[in-house]
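Participant: Sharing a model prediction with you, sequence too.
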Amino acid sequence: MNTVYDVAIIGAGPGGSTTASYLAKAGVRVLLLDKSEFPRDKTCGDALSPNALKILGDLNLIDKLIEFGHRLNGIRLVAPNGNELVAPIPPKHGFVEHLYIAPRIKLDDLLLQNSIALGAEFKSNVRVTDLRVDSNKVTITGKSANKEQIFFANVGVIAVGANTALLQKLGFLSKLPEFAVAARAYYNNLPNLDDLMEIRFDGVPLPGYGWIFPTSKTSANIGAGFLRKSKKLPFTAKEILDKFLDHGPVREKISLGQRQGVVKGYPLRMDFATARVHSNRIILVGEAAGLVNPFTGEGIDYAMESGQIAARVLIDLATTGDYSFKALHSYDRNLRKRFQRLFVWTTRLRSIYINEWLLNPLIRAANHEKSVEKTILEVLLSYRNAIQALSPSTLYHVLTNL
Ligand SMILES: Cc1cc2nc3c(=O)[nH]c(=O)nc-3n(C[C@H](O)[C@H](O)[C@H](O)COP(=O)(O)OP(=O)(O)OC[C@H]3O[C@@H](n4cnc5c(N)ncnc54)[C@H](O)[C@@H]3O)c2cc1C
């Protein structure tokens, strides 16, 4: 007799493993599948926001995180003209006033091992190729070393990140969504790194940015990303990163450093505002639901938080065992309540502000006017709705600094 799991989760990134942890903790029988062997790397800037740290705290994982993560206490924003804004992480009730940079090869394994310790069953090297839904279960087909494997569950959670093949096959995506692309490399032996997350709008095409995220006092994750607005754009993410690394102030910063390992690029999906996130017996979590901040490219905390929300909904529905499209609509409703406005306004903000005509005066205004600095930081950290950056007061300060 084949086991029918309560929940099968496809993808053991932060979204899948967080969902698995909360479900397993509540006594739900969880199967977690991933095509990779762990620990595995994931191309990323490795930055954890205060919101991500809040969820890691809720999972009791901060003590383990600080064994390999590097703490940063502030942000440096560099305008296209080279002007800088340096500021500490602003206070907000319930959130820490710092960030961590935590290499994904370690972070994702920490989250996965936590879900296993709480009771989730994990199978690696299983590439899921299909989910078939019938009246009382989901049949999951996977491939492992070229052999077909079949699993059964009452409900499926798809947390495959920006990999759209499975979602296209299941009809969740009628056309490919808009993507951003980004690439990163690790550097060692960098002198004079401070405890700041550095985001630079110089040396890259806009809308996009380059970053220097210190992973220790002498090493950093350095990368660049941009929104592929037009298929005709004649650059790859790696070419953008090369251009950024060759940009004067960046070249100077890394002149004594050595690159470790290879440069890696990967797409980012940011289309949550228009994405489908559920169907009969299936829900989508994390980047599979388009949950990457359209302004910052940050997706770890959204993946984890959507996993938290998914687990809560599935635990509620377990009492009736009804995972129909209609019943799972409560997941869609909860996600929209939390993220819809944020995504709609952040996308609008990106198209208005991310150009040199407005970014230069915005950073200049923030250096003179504390309320503008506060707005920028709080919008970047998703503490405030992005619409605040379009308030009459902020616009007045920007326009008077043109
Ligand atoms: C260059 C770059 C820099 C970034 N920087 C940051 C940053 O600094 N901070 C931040 O918060 N976010 C950042 N992001 C975004 C962040 O990496 C993602 O949004 C986040 O990893 C999403 O988590 P997830 O769990 O949804 O998916 P993922 O982390 O992508 O995990 C998906 C998992 O699913 C597995 N999988 C995929 N398909 C299948 C299949 N068919 N069968 C079985 N398993 C499958 C994969 O092996 C993987 O383990 C960055 C992204 C990029 C590309």
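Facilitator: That came in fine, so what should we check first? Bear in mind that the values here come from a model prediction, so they are computed numbers and not experimental data.
Participant: where does whichever residue of the stretch 101-250 of the chain sits closest to the ligand fall, helix, sheet strand or coil?
Facilitator: Nearest to the ligand, among the residues of the stretch 101-250 of the chain, is residue 161, at 2.2 Å (CB to the nearest ligand atom). Placement of C-beta: from N, CA and C, glycine included. Secondary structure, DSSP: H, G, I helix; E, B strand; the rest coil: residue 161 is coil.
Participant: How about the contacts made by it?
Facilitator: Contacts for residue 161 (CB atoms under 8 Å, 6 or more residues apart in numbering) come out as 11, 13, 15, 42, 286-288.
Participant: For the residues you listed, which single residue is the most surrounded?
Facilitator: In terms of neighbours by other CB atoms under 10 Å, the contacts of residue 161 top out with residue 15 at 33 neighbours.
Participant: Contact residues of the stretch 301-402 of the chain facing the ligand?
Facilitator: 301, 303 (CB under 6 Å from any ligand atom).
Participant: on that earlier part again, turn the contacts of residue 161 into TSV, columns for secondary structure, distance to residue 360 and pLDDT.
Facilitator: Converted to TSV, these look like this (DSSP: H, G, I helix; E, B strand; the rest coil; distance: CB to CB, whole Å; pLDDT from 0 to 100):
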residue	secondary structure	distance to residue 360	pLDDT
11	coil	40	98
13	coil	36	98
15	helix	36	98
42	coil	34	97
286	helix	34	98
287	helix	32	98
288	helix	37	98
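Participant: circling back to that earlier point, how near is the residue of the stretch 101-250 of the chain closest to the ligand to residue 25?
Facilitator: Distance, residue 161 to residue 25, by CB to CB, to the nearest Å: 23 Å.
Participant: Going by residue numbers, what spans are helices in this protein?
Facilitator: Assigned by DSSP state H, the chain shows helices spanning 14-25, 50-58, 62-68, 104-117, 165-169, 237-245, 248-254, 300-317, 325-353, 356-368, 370-380, 392-399.
Participant: which stretch in those helices has the least confidence?
Facilitator: The stretch with the lowest mean pLDDT among the helices of the chain is helix 392-399, at a mean of 88.
Participant: buried stuff in that one?
Facilitator: For helix 392-399, burial by neighbour count (16 or more other CB atoms under 10 Å) applies to 394, 397-398.
Participant: if we can go back for a sec, reformat the helices of the chain into CSV and put distance to residue 82 next to each item.
Facilitator: Below are the helices of the chain laid out as CSV (distance: least, CB to CB, whole Å):
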stretch, distance to residue 82
helix 14-25, 34
helix 50-58, 28
helix 62-68, 33
helix 104-117, 31
helix 165-169, 41
helix 237-245, 14
helix 248-254, 7
helix 300-317, 29
helix 325-353, 18
helix 356-368, 9
helix 370-380, 17
helix 392-399, 18
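Participant: Most tightly packed of those?
Facilitator: helix 14-25 (a mean of 29; mean count of other CB atoms under 10 Å).
Participant: now for that one, which elements pack on it?
Facilitator: Judged by 3 or more CB pairs under 8 Å, 6 or more residues apart in numbering; DSSP states H and E, the packing partners of helix 14-25 are strand 4-10, strand 30-33, helix 104-117, helix 300-317.
Participant: So what touches that helix?
Facilitator: With contacts defined as CB under 8 Å, 6+ apart, helix 14-25 is touched by 6-7, 9-10, 12, 30, 32, 34, 55, 59, 107-108, 111-112, 114-115, 118-120, 157, 159, 161, 285-288, 291, 300, 303-304, 306-308, 310-312, 314-315.
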